[in-house]
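**Student:** next comes the sequence, and after it the predicted model I'd like to discuss.
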Amino acid sequence: MNEFVERQMKLTWRPLKKSYDVVIVGAGGHGLATAYYLAARHGMSNVAVFERGYIGGGNSGRNTTIIRANYGIPAAVRFYQRSVDLYRGLEEETDRWLMHQAKGLLWMAHSEAAVRAEQMRAKLNTEFGAETEFVEPRQVQELCPQLDMSGGGRWPVLGASYHPQGATARHDRVVWALAEGAMERGAHVHQNTPVEGLVLDGERVAGVRTAAGDVAAGAVVSAVGGHVSRIAAMAGLRLPIRTHRLQAFVTNHYQQQFGPIVASSELFFYASQTARGEMLLGAEIDPQPSFSYRSSHDFVQDVCRRALCLLPFMSNLRVLRQWTGVCDMSPDYSPIMGQTGVDGFYLTTGWGTWGFKAIPAGGEQMAELIATGEVPELIAPFGLDRFARDRTMADRGSAGTH
Amino acid sequence: MSLRIPCPTCGDRSVHEFVHGEIRRVPDHLTDPDERDLDFAFHHDNEEGVVTERWFHAQGCRRWFEIRRDTTTDRIVETEAS
Amino acid sequence: MATILVDGQGVEARAGDSLLVALVRGGLHPTGGGCLCTGGDCPNCLVTADGVAYTRSCQVPARDGMVVQRDHLGGEEPALLPDEPGSPLRRIAPHAGEDAGAPSVQRSASRVLVKKAAPVQHVHCDTVVIGQGDSGREAAREARDGGLGVVTLDAREGQHVTGVYPGPLVVASDQAGCVLHVHPRREIVVATGAAEIQPVVPGSDLDGLVTARAAAELVAAGIDLGRAVAVGERPAELPEGTLAGHFPVGEGGWELVRFEGDGRVEAVIVRRHGDAGATDERIECDTAVLGLGRNPRNALARMASDLPVRVVGSAAMEPELPACPREGTVCPCSGVTVADLDGVWERGFHEMELLKRATLAGTGTCQGGVCLPYLRSFLLERGGRLQPAFTARPLNRQLTVRELAAGAHTAVTARSPLHDEHLSLGARMDRAGGWWRPWTYGRNDDEYRSVRERVSLGDVSSLGKMAISGPDAEAFLERIVPTKVATIRPGRCRYVLMLDERGYLLDDGMLCREADQGVGDRFFLTSTSGGSGFFELWLRDWAEAFGYDVRILNQTASLAAINVTGPQASRLLARAGARELPGFGRHRQVRIAGVDCRVVRLSFTGELSYELHHPAADACKLWRRLLAAGAGFNVQPHGLETLLRLRLEKGHIVIGQDTDYDSTPRRLAHEWAVNLDKGDFVGRQAILRTNKRPLDKRLVALRVEDPPVRQAADPSAEGAAIHDGERYAGYVTSDAGTAAGGTPMLGWLYLDAEGHLPREVTVDGRPARRVDGPTYDPDGERARVTVETGSESPENIGQFPVVRPEATDLAGEGPSGPLRLRRLEATRVSATPKALDALVEQPPWPAGALAFRTAPDELLVTATADLEVAGDPHAIVERETAFSYVWLDEATAERFLDRECEWRRPDARPALAQGEVAGIPAKLWFEAGRTLVLAPAPFAAAFQRRLTGSLAKPDKATP
């Protein structure tokens, strides 16, 4: 037995019913969190989550598990800070060990322009409740002794923004805890059940079509990652979404402790240590739209090269495993949440590379919207209608990495 | 290397040498100019399957060309030269 | 005989021993226990070897002086190496005889490289065969007989394949210490054989357990197995008499129950198969030899399912499913037991992937090599459904970070031709917009004053620069900038915005219409430094989308640019010999200090400014002559930091700092730069559409009389919140960060609920007032001042010889002498493909000149710029000094390109090829016996370093 073998969660699978109050498409973090909060906060448990594969098998199980709120626009900072706060209480709320650990996040600056950008980020974040400060090289070195402050002689660390609440949690466990919490309150989760179409009642979405037959629903929520354009098209919608691959990899166990999460927008990578001691690295999305889960060598090659500039201790670590997820990217690097203009059809998408950290807040807010019919103030700026209203949520804080 | 993009001038090169471009389409039924423009500016087919797209060979001849690629596998199914 | 240092003890190894065999010979088990397979399929022989943790000892040859720890996790400290200077191990680690020097030197070199990427070797072939057992050799022979170029990779030769990737690309380590990137054109043959199924029963973590294959290998190495008992299939390769007993498993045979022993196996416990009442039988032994079935090693094929992969030999066999495990460790990598599997199964984890994720089985070094067959049989028995193997992902064999980084380079930052000038003037350089720029020369106040009070030079060579001509040039530009182009008269220039189709600002620049029109229109368009990479593709994209007949020539690296700015700017230029300078909003060709320049008169600093665009090759000469001519005015160069302050006083925006993704001209208060009454242009419909929506925010200038206290670590107010009473009303985007008050800030200000833009706000709690227009010289008199040229007295005018280009005689040079890149003097032509076809058919240039067709509509020729292109009156013909070149002899070129060029080079001679080499866009001209390499001059220094560095890396044997 290793200490990470799951010993708490109990998943309960129930037979498919003909009708539910709410049907959620996609049993990833966002879909399950929506089901969980519907049941836990609003007493709505006649809810089913449909999953084409297994729970958490999409981006929820393919991300780099980073939780942070240091974004670039007020509405995003507030929203992600809500998620950071919910994550901090999630172990207690679900009574499950999620391996949540606050580590602090250092965002490196290697040029004057980047220094200014990080200083700006620190002030803006602090203003909206996401504690962040700009730290000098000396403090950076103290926070992360393994850093080569000269950046391999070419990418000197001139400072960093430091976000102490930056954290990681075990992605699978977050998914399972939410699934378990929803299930024990009566919600259904159906694995290996792809949604093949939407049931339309005039202009209104009234259910979903599956191989096991049509299932009626008072409301249908798309919480899929990677294939949202296809689901939306079933409701007659074209979305401002393009899907790109995002890759990551882990090394073997690194014996020493690597404390913080380290990111660099100029070297385009970020690194942290998993609970098992592996070094986990990610970087930017692949440039071309793609739905392929195939990993590439140039990704691991380039990221290894860039990481060696700042983290030369990694040179003799072996890379153990690499993987790929597919991300739905919105044009303004912000999520899209809420109503769609099609009656009975809701969206939570555009989660790009920032979906994991938003799971609790995204689920909580979507649940409130569905349960009350009122758009919560926290996510009102993130509606699909923002593009038509000329209120895009341009977020440079999320455009860089993770 | 990962995906190879066939440049009609320079030959097959790594995807890293290129910039991806899109051929935009607006649904025929959109006749209102603002609606058309919104669709043109923001919406994408985001097709799962074979798409026609443009690539710019930034590290080589610095010209655009068209290919057809399957987005589910990243396989190039048709090139400008063929 | 070699000696290995294992946990501080010397262990003798024989020639040909793997590290594992040497350890076993020395009576040691690499990890203390667990069945050994010698095939790289299990985690039971992992050690830390020469500081590299998680090393499969069965796959590494035992080398003299090797330092091994039987803790595969790696120590708290990096392992000491005996050849490291000052290492205490030097005293105790023996080195082999007289040859000690050579390997030691080599190892020392590898230590120096340890933080850097390993060298890479690119190999192009038709077919790559992975695995050189019988089926692999057969596949290679067949392919060779068919006339194909074949590369073979064999783990026994130290070639461990990490993955098969799209491309296709096969990545493998090589015993020579480099990494092989094999690029097969036709086929990948996977002939990796089969792995032996490991035992999963209590006691399977004891020492003394080996697979049948391992037993044969150990015996062949002369190792005595003691009393050996075989369980399962009879090991065919074991010599007669080795075995003391044999117990076949399955129908009619036996069932393996457990192993017993204290540290090392002492007995195998078996029982009759399928007989519920059978009793256990205890067979004493020193070694248990296990033949429990085989599973194909097909991970490489599975991770490449849509690539041209063929699996041959036993790698293609159907997996054998072992009996469902009852007890014991299923996954030795992660330490997962059968009880663990039962636990998660009971709690609802029924999918293969969930079982894996909930226990971490299959996520260690062997990637499921041991546990996968058992997980499948477990799930089949519990759930009645045979589930497929979990996804095969790289890395099949785990290389180190430095090995995987082989062949990669970090992004190159471009250098202005004046880079070294800045350094010699004491500048601190900084990366900005993809270029090294002088951030400060260390005297910001004086830099500032020299602009405001005297005259100053600024290097703006990094601006994007495009020449555009053609019958449709005006119509095209009219379509892509929101400014009216038709009213820009010849010799005039205008500030222009560039918008995307969403009506958001992409970039800004200036648009000049050539004075000398020739045939049709010709323009010169600039972009910001940061936009220069994007500029050309954006222009070409729209030109093609609209179908306009235009020629476009990218002159970003061809032309340097020096901004001469300050009240004395015209006098300095007059002393430099400028006769006629353009008035405000105009440009003209002027010879200054012997250099032909396009002089553009607009102003970013707010002072009288002349931007001198000139061939990059002449930049240093011009810069020095301008400094000399301006000595009497105490001319100083100014850095980027000062420039950012100067422009702020004028309220000029900086793209990317003050603009955001959603910055419409209306939000930026730049409606004045948009003409909605002219025809359609990119972004026009978006502006019309968004103008119907109420405005939400606007970029404004704010005056803070009593600026916030400047913190040393962060003196700027950028990012500070703006409040309108209690209401959050935006944030500061630009602040000079100077202690002196009065310099305005720029910031986003949100309109209030009534749709008003507040006048009085606070920044960081300090009162601030929104101001309209620039605070410095509000009417722009200083920038627009009328200048009388020719007023400088003749004795003050310096004597500067005229700089005349002479084309590089490429053909006359050769690959001799030091490998040093030099700037190429050439001519670039942009014309219709047809006109260029005709031109190269009957070349007007001297016979020795070389001409490179870099695109169907573009030609680079080593001749002077007085070419006539008969077939295209709109052709752009310009002096081109944007490239640096070096000749390489054939052997050097091969060596260099095998390492730094991953794409397939042409076979024909002569031939031009373009693409990335050493991470830099290069042009290669292959002649018989020599190769010319052209690299963009802004990257020449980096290319030089990579060329020299790559050739300095040690050679390796070719595969």
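**Tutor:** In hand now; what should we look at? Numbers count the residues shown, from 1 in each chain, chains lettered A, B, ... in the order given.
**Student:** report back the residue of chain B that's furthest from centre.
**Tutor:** What lies farthest from the middle of chain B is B:Asp32; by Cα atoms, centre = their mean that is 26.7 Å.
**Student:** per-residue pLDDT, it?
**Tutor:** We have a pLDDT of 95 for B:Asp32.
**Student:** which stretches of chain C aren't confidently modelled?
**Tutor:** Chain C contains residues with pLDDT under 70 at C:74-116, C:517-520, C:707-710, C:739-741, C:789-791, C:955-959.
**Student:** quick check: residues of it near chain B?
**Tutor:** Applying Cβ under 8 Å from any Cβ of the partner chain, we find that chain C lies next to chain B at C:165-167, C:169, C:181, C:183, C:306, C:500-503, C:533, C:536-537, C:540-541, C:544, C:554, C:685-686, C:688-689, C:692, C:854-856, C:858, C:902-904, C:913-916, C:921. The way it works is simple: take the backbone N, C-alpha and C, and place the C-beta from them, glycine included.
**Student:** which ones among these are found in strands?
**Tutor:** If you go by DSSP state E, those have C:165, C:169, C:181, C:183, C:554, C:854-855, C:858, C:913-916, C:921 in strands.
**Student:** let's have these in TSV, adding distance to C:Leu206 and neighbour count.
**Tutor:** Formatted as TSV, these follow (distance: Cβ to Cβ, whole Å; neighbours: other Cβ atoms under 10 Å in any protein chain shown):
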residue	distance to C:Leu206	neighbour count
C:Tyr165	39	24
C:Leu169	41	25
C:His181	41	24
C:His183	45	20
C:Asn554	69	21
C:Thr854	68	21
C:Ala855	68	19
C:Glu858	71	23
C:Ala913	59	21
C:Gln914	61	25
C:Gly915	56	24
C:Glu916	53	20
C:Pro921	59	20
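**Student:** which one of these is nearest to chain A?
**Tutor:** The closest of those to chain A turns out to be C:Tyr165 (Cβ to the nearest Cβ; 4.4 Å).
**Student:** and the spatially closest residue to the closest one that is not a sequence neighbour, what does it touch?
**Tutor:** Residue nearest to C:Tyr165 in three dimensions, not counting chain neighbours: A:His297, with 4.4 Å by Cβ to Cβ, 6 or more residues apart in numbering or on different chains. The neighbourhood of A:His297, defined by Cβ atoms under 8 Å, 6 or more residues apart in numbering or on different chains, consists of B:Met1, B:Ser2, C:Thr162, C:Gly163, C:Tyr165, C:Gly167, C:Leu169, C:Val171, C:His181, C:Pro394.
**Student:** ok, these vs chain A, which is closest?
**Tutor:** Ranked by distance to chain A (Cβ to the nearest Cβ), the contacts of A:His297 are led by B:Ser2 at 3.1 Å.
**Student:** check what pLDDT the closest one gets.
**Tutor:** B:Ser2 is given a pLDDT of 69.
**Student:** how about the strands in the stretch 51-200 of chain A?
**Tutor:** For the stretch 51-200 of chain A, the strands defined by DSSP state E, counting those that start in this stretch cover A:66-67, A:101-102, A:105-109, A:133-135, A:159-163, A:167-168, A:188-190, A:195-201.
**Student:** can I get those strands in CSV with mean pLDDT and mean neighbour count?
**Tutor:** Listed next are the strands of the stretch 51-200 of chain A as CSV, based on pLDDT from 0 to 100; neighbours: other Cβ atoms under 10 Å in any protein chain shown:
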stretch, mean pLDDT, mean neighbour count
strand A:66-67, 96, 26
strand A:101-102, 96, 15
strand A:105-109, 96, 27
strand A:133-135, 95, 20
strand A:159-163, 96, 26
strand A:167-168, 97, 24
strand A:188-190, 98, 23
strand A:195-201, 97, 17
